[in-house]
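Novice: Need a 3D model of the following:
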Amino acid sequence: MGMILGREVETDMSEIAATRVLFSRDQLVNTATISRHFSKIKALAKVKPLFITDNGEVDMVLISYEAYEQMFNRLQQLEEEVLENRAEEAKKEPESLTEWRSVRRIETEE
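Specialist: Numbers count the residues shown, from 1 in each chain. A predicted model of the protein is given here:
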């Protein structure tokens, strides 16, 4: 934990990508505050995602490049694992595969 602008913030970026989308009130920032205090908001977003609200609804998330890169890399890793698992299943049960031409025909017939 650390303190930025009088707020206690989580500084372990690896936890951000590993958890569900949960946030606390101190992570909610409205668009008017961003335009008035961008440098402070940017500093906060480097250590903890900020949820930007517009008309009281969460509209966007501001995160550090490091957090984005971690999430992007993790997503790529998971996609590769899914493809590897599918390839392994295809090797074990090739009859379970569907030829792409038959799928395409079904889509165009509808």
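Novice: what residue lies at the spatial centre of the protein?
Specialist: M71 (5.8 Å; Cα atoms, centre = their mean).
Novice: Which helix or strand contains that one?
Specialist: Using DSSP states H and E, the secondary-structure element containing M71 is helix 65-92.
Novice: What residues of that helix count as buried?
Specialist: By 16 or more other Cβ atoms under 10 Å, the buried positions in helix 65-92 come out as 67, 70-71. C-betas here are computed from N, CA, C, even on glycine.
Novice: What distance separates the opening and closing residues of stretch 49-61?
Specialist: Chord length of stretch 49-61, first to last residue, is 7 Å (Cα to Cα, to the nearest Å).
Novice: Check the average confidence over that stretch, would you?
Specialist: Mean per-residue pLDDT for stretch 49-61: 89.
Novice: so how far is that stretch off the chain centroid?
Specialist: Per Cα atoms, centre = their mean, to the nearest Å, the displacement of stretch 49-61 from the mean C-alpha position of its chain is 14 Å.
Novice: Now do the buried residues in that stretch.
Specialist: 49-53.
Novice: Need the residues that contact it.
Specialist: 16, 23, 27-31, 34, 41, 44, 62-63, 67 (Cβ atoms under 8 Å, 6 or more residues apart in numbering).
Novice: Columns distance to E99 and secondary structure on top of these, output as JSON lines?
Specialist: What follows is those, written out as JSON lines (distance: Cβ to Cβ, whole Å; DSSP: H, G, I helix; E, B strand; the rest coil):
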{"residue": "I16", "distance to E99": "41", "secondary structure": "helix"}
{"residue": "F23", "distance to E99": "45", "secondary structure": "coil"}
{"residue": "Q27", "distance to E99": "48", "secondary structure": "helix"}
{"residue": "L28", "distance to E99": "50", "secondary structure": "strand"}
{"residue": "V29", "distance to E99": "51", "secondary structure": "strand"}
{"residue": "N30", "distance to E99": "52", "secondary structure": "strand"}
{"residue": "T31", "distance to E99": "50", "secondary structure": "helix"}
{"residue": "I34", "distance to E99": "51", "secondary structure": "helix"}
{"residue": "I41", "distance to E99": "52", "secondary structure": "helix"}
{"residue": "L44", "distance to E99": "52", "secondary structure": "helix"}
{"residue": "L62", "distance to E99": "45", "secondary structure": "strand"}
{"residue": "I63", "distance to E99": "42", "secondary structure": "coil"}
{"residue": "A67", "distance to E99": "41", "secondary structure": "helix"}
